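S.K.: Let's see this in three dimensions:
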Amino acid sequence: MVAKLELTQDLVDGLDFHRMITGTTKTGRPIFGETPPGKHDWIVRDGGNGGQPGLLLRITPGAVTWYVQKKVKSTPLRRKIGSARKVDGHNEVELTVAKARTRARLWLADMERGEDPLKKKEDHQRQAKKASEERRLTLSVAMEELIETKRLHKVQLAGMENGLKAAGPGKRRTVDPKLRDESTKDRQTVQRWMAGSPMWNVPIKDLSVEHIRASLTPLLDRALGRKVKVTWGPKSVSKGTMDKIYAHVSAAWKLAARKLQLGVAREDGPLALWREEMKSSWPKGGMVKHALETDTSEGVAWVKALVELQIRAHDPALFAQRPDPRSKGLKPHTGAMVDLYFLLLLWGTREGETSLLEWPQVHFDRGLVYLNPDTTKNATLDVVPLTTWASDILRKRQAMNELWRPESGCPFVFPSREWGKPISNPRGILTALTKQTGLTITAYDLRRSMAREIGDEHDLVNAGRLLIKGAALHHGAGRGGTKALAVTERYLGEKADVLRPLYQQREDRLREMLGLKVKQAPTSAGDELGVLLQRMREDQLKLEALMKGRG
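M.R.: Predicted coordinates:
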C-alpha cells in the first residue's frame, strides 16, 4: 500500500531510500520501516489538508523524483515533473514542495482536458529551440555551414575513389582538404566579399527581397559600369563576379531554408525573386575571350619572357650562394614557381591540382602524370600525358630540388621555401611578367590557351573536337567532358595515348615559335589517333548521305 500524507520540505529533505514510509499515525505523521530486500523504489503520495491530490514522490537509491498521476481518457497516466533533490551529473533544477505543487496543478489541469503535459512541454522546448536556431541562422552562418558541408562531401568523394591511388601504385598522402579545394576557396572569397552587407547578418526566416536588393543591386550597378560606392563586395565587379556571388549565396540560403524547414522552394526565395527582377538588366554573357594567344607577337613575347626567367631561375649559383630570403631578386624557390606556370601552359591543368603534385604521381617510364583525386575539382583520379619538353622540365625540377634541399625528402614537385610544404602563392611570377611584357595573364588564361589550340591542327569533326578538348581539360561527365565515372588504369592509359600526340604537336609548335629545337617524339599513338579520326570522318559522311537520301 502506498503511504499518503501531507508532505513538508523537512520531510522530503530527510527521506532515505533505506527507511521506507510504510504508513501514517492517526495524527498524520509518517511511520518508517526498513526497505525490504530486492525493492528498487517506493512511493509516497501528497495528501492531507495542505497536500495536492495527484502529486507523488518516487524514491530510489539514487534519486527523489516528483510525479503527477491522473486518468486521461480512462487510462492512468503518470508523468515526471522534476527532481526533489540535485543529482550528481544531472542539470535538473531542484523543485521544492511548494514549486512541485504549483507545477502539479498546471499539469493536472492539462490532463483534465485530455492533454499530455509532457508532450506539451517537449513541444514548447522544440519550438524554443527552433526559434533560437532561426535567430542564429543568418546568411553568414549558413555560408560557413555550406563551406564545411561541401568540404566534407569532397573528402568523402575522395575517400570513395575505388580506382587507382593518387600516385598510381602506392599509398596516397592526405593533406588539409581546404588547401586542395578550389570551390571552397571561391565560397570563402564570396564570404569575405559579402561580410558587412545589409543581408549578411539577417536571420534567414526574416530575409526579404529588400535585404537582397540593398546588398546586391549596388554590386550589379557596378558590374554595369555605374559608379556606386559600397563598403562590401570585391574591388571590381564583372558578370562572372555577380554569377559567383549569386550562385554561392543562393546555395547557402537553400541549405539554411531546408534546415529550418521553411517550406519555401528555391525559386520562391528572396534571392530568386530579386534575380527575376534584375533579369533584363543582368550583364550579358558570352564566351570568355581572354587567353594567352601564342600566335600573336604579344603572346610570343610573354612566353619568351617566361623562358628567359626560367633560365635565370635555374642558375646553380642561386643554390650555391643561398640569397637572403628577405632580399630582392631571384631565390631558389623562384624556379619552382616558373616551372609550375610552364607546365600549366603545356598541360592546361588547374593551378591547384598542379601545384600540389607529388613525385610518386610522376611516372617517367610510362609517360604519365596522375592527378590526385584529393586535388581535382571533381574529386576523381585523372592523368596527363608526358611530352618531351614537360619531361625535361620535371627532370630538371627534380635535380634542382635535390640541389636545393638534398636532406629534406620533400615529396612535392613544387616545394615552398617552408620545408615540407607545397608552393602556395606563386602569382608573383605573373606580376613580374606583366611588368616586363605589359600583358596580364592568369593561370586560367593558360588553361584557355590549351582549350583553343589543342586539336586545331587536325581536321576534326565537331564531336571529336569536343571529346578531345573535354579530356584535355579534365572535365567531368556532364560538362562537355569524357571522363569515365569509374576510372581504370587501362582507361587512363588509353586516354593519355590518344592525347599525347596532340600535346606533343602543340608543344613542338611552341618550341618552333621560340626558336628552340624540336625533339623527336614517338608516333605510334599518333597513328592510332589517325585511325580513330578517319573512322569518325567516315561515320559522319555516312550519316550525311543517309539524311540526304531521306530528304
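
S.K.: which residues of the chain fall in strands?
M.R.: With DSSP state E as the criterion, the chain has strands at 3-5, 19-24, 30-34, 42-46, 55-59, 64-72, 75-83, 362-363, 368-371, 382-385.

S.K.: what comes into contact with the first one?
M.R.: If you take Cβ atoms under 8 Å, 6 or more residues apart in numbering as the criterion, strand 3-5 is touched by 21-24, 28-31, 43-48, 51. The C-beta positions use only the backbone N, C-alpha and C, and glycine is treated the same way.

S.K.: Of the residues you listed, keep whichever come out buried.
M.R.: In the contacts of strand 3-5, burial by neighbour count holds for 21, 24, 30, 43-47, 51, counting by 16 or more other Cβ atoms under 10 Å.

S.K.: Of all the residues you listed, the one with the weakest confidence?
M.R.: Ranked by pLDDT, the buried ones among the contacts of strand 3-5 bottom out at Gly47 (87).

S.K.: residue contacts, that residue?
M.R.: Applying Cβ under 8 Å, 6+ apart, we find Gly47 in contact with 4-6, 53.

S.K.: Could you do Lys517 as well?
M.R.: Arg511.

S.K.: phi, psi of it?
M.R.: phi -70, psi 140 (degrees, to the nearest 10).

S.K.: got it, and Gly263?
M.R.: Dihedral angles for Gly263 - degrees, to the nearest 10 - are phi 70, psi 30.

S.K.: And it, how close does it get to Gly269?
M.R.: Gly263 is 11 Å from Gly269, where distance means Cβ to Cβ, to the nearest Å.

S.K.: if we can go back for a sec, mind putting the contacts of Gly47 into CSV with distance to Gly62?
M.R.: Converted to CSV, the contacts of Gly47 look like this (distance: Cβ to Cβ, whole Å):
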residue, distance to Gly62
Lys4, 24
Leu5, 23
Glu6, 26
Pro53, 27
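
S.K.: Could you work out the most separated pair of those residues?
M.R.: Taking Cβ to Cβ, the two most distant members of the contacts of Gly47 are Leu5 and Pro53; they sit 12.6 Å apart.

S.K.: okay, and the common contacts of those two?
M.R.: With Cβ under 8 Å, 6+ apart, Leu5 and Pro53 have common neighbours 46-47.

S.K.: the more surrounded of the two?
M.R.: Leu5 (20 against 15; other Cβ atoms under 10 Å).

S.K.: And the more buried one, how far from Ala98?
M.R.: 17 Å.

S.K.: again, but for Lys229
M.R.: Lys229 is 63 Å from Ala98, by Cβ to Cβ.

S.K.: and what of Asp13?
M.R.: Counting by Cβ to Cβ - Asp13 and Ala98 are separated by 13 Å.

S.K.: sorry, back to before: pLDDT added to the contacts of Gly47, as JSON lines?
M.R.: JSON lines is the format used below for the contacts of Gly47 (pLDDT from 0 to 100):
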{"residue": "Lys4", "pLDDT": "91"}
{"residue": "Leu5", "pLDDT": "91"}
{"residue": "Glu6", "pLDDT": "91"}
{"residue": "Pro53", "pLDDT": "92"}
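
S.K.: of these, closest to Phe17?
M.R.: Leu5 (17.5 Å).

S.K.: nearest residue to that closest one other than its sequence neighbours?
M.R.: Thr24 (4.9 Å; Cβ to Cβ, 6 or more residues apart in numbering).

S.K.: Which residues does that neighbour form beta bridges with?
M.R.: Pro30 (DSSP bridges).

S.K.: If you rank every helix and strand of this protein by mean pLDDT, what lands last?
M.R.: helix 177-180 (a mean of 45; mean pLDDT, DSSP states H and E).

S.K.: List the residues that contact Leu106.
M.R.: Each residue near Leu106 by Cβ under 8 Å, 6+ apart is listed here: Pro117.

S.K.: whoops, I mixed them up, Ser208
M.R.: Pro270.

S.K.: For it, give me the pLDDT.
M.R.: The model's pLDDT for Ser208 equals 94.

S.K.: Please report how far it lies from Gly269.
M.R.: In terms of Cβ to Cβ, Ser208 sits 10 Å off from Gly269.

S.K.: Then Leu292?
M.R.: 40 Å.

S.K.: now Met194
M.R.: Counting by Cβ to Cβ - Met194 and Gly269 are separated by 16 Å.

S.K.: and stretch 2-10, how far from the chain's centre?
M.R.: Chain-centre distance of stretch 2-10: 61 Å, with Cα atoms, centre = their mean, to the nearest Å.

S.K.: Determine how far the last residue of that stretch lies from the first.
M.R.: 20 Å (Cα to Cα, to the nearest Å).

S.K.: Make residue 1 into 53 and carry on from there
M.R.: Sure thing, new numbering starts at 53, so read that last one as stretch 54-62.

S.K.: what comes up buried for it?
M.R.: 55-59.

S.K.: More neighbours: Asp65 and Ala150, which one.
M.R.: Asp65 (12 against 9).

S.K.: For that one, give me the pLDDT.
M.R.: 92.

S.K.: List the residues that contact it.
M.R.: Contacts of Asp65 (Cβ under 8 Å, 6+ apart): Arg137.

S.K.: How about Ala303?
M.R.: Applying Cβ under 8 Å, 6+ apart, the residues contacting Ala303 are Leu198.

S.K.: would a markdown table of the strands of the chain with distance to Phe466 be doable?
M.R.: Converted to a markdown table, the strands of the chain look like this (distance: least, Cβ to Cβ, whole Å):
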| stretch | distance to Phe466 |
| --- | --- |
| strand 55-57 | 82 |
| strand 71-76 | 78 |
| strand 82-86 | 81 |
| strand 94-98 | 75 |
| strand 107-111 | 70 |
| strand 116-124 | 66 |
| strand 127-135 | 63 |
| strand 414-415 | 12 |
| strand 420-423 | 13 |
| strand 434-437 | 15 |
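
S.K.: Those strands: which one's closest to Trp252?
M.R.: Across the strands of the chain, closest to Trp252 is strand 420-423 (Cβ to Cβ), at 36.0 Å.

S.K.: re the thing from before, closest to Ile111 among the buried residues of stretch 54-62?
M.R.: Taking the buried residues of stretch 54-62 together and measuring to Ile111 by Cβ to Cβ, the closest member is Ala55, at 10.8 Å.

S.K.: contacting residues around Thr74?
M.R.: 55, 83-85.

S.K.: Revised request: answer the last question for Phe416.
M.R.: So Phe416 contacts 438, 443, 446-447 (Cβ under 8 Å, 6+ apart).

S.K.: now those residues: which count as buried?
M.R.: Buried among those (16+ other Cβ under 10 Å): 438, 446.

S.K.: can you redo the contacts of Phe416 as CSV with pLDDT and distance to Glu328?
M.R.: Converted to CSV, those look like this (pLDDT from 0 to 100; distance: Cβ to Cβ, whole Å):
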residue, pLDDT, distance to Glu328
Leu438, 93, 50
Ser443, 94, 53
Leu446, 95, 51
Arg447, 93, 56
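
S.K.: In TSV: the contacts of Phe416, plus distance to Gly545.
M.R.: Converted to TSV, these look like this (distance: Cβ to Cβ, whole Å):
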residue	distance to Gly545
Leu438	12
Ser443	17
Leu446	19
Arg447	21
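
S.K.: which residues of the stretch 403-552 of the chain fall in helices?
M.R.: 403-407, 440-456, 480-489, 495-505, 514-524, 541-566 (DSSP state H, counting those that start in this stretch).

S.K.: need the least confident one among those helices, by mean pLDDT.
M.R.: Across the helices of the stretch 403-552 of the chain, the lowest-scoring stretch is helix 514-524, with a mean of 52.

S.K.: Could you list the domains of this protein?
M.R.: Taking automatic domain parsing as the reference, the chain has its domains at 55-183, 189-333, 349-591.

S.K.: Lowest average pLDDT across these?
M.R.: domain 349-591 (a mean of 78).

S.K.: residues near Ile256, how many?
M.R.: Ile256 has 25 nearby residues by other Cβ under 10 Å.

S.K.: Quick check, it in contact with Leu189.
M.R.: Yes - Ile256 is within contact range of Leu189, at 5.2 Å (criterion: Cβ atoms under 8 Å).
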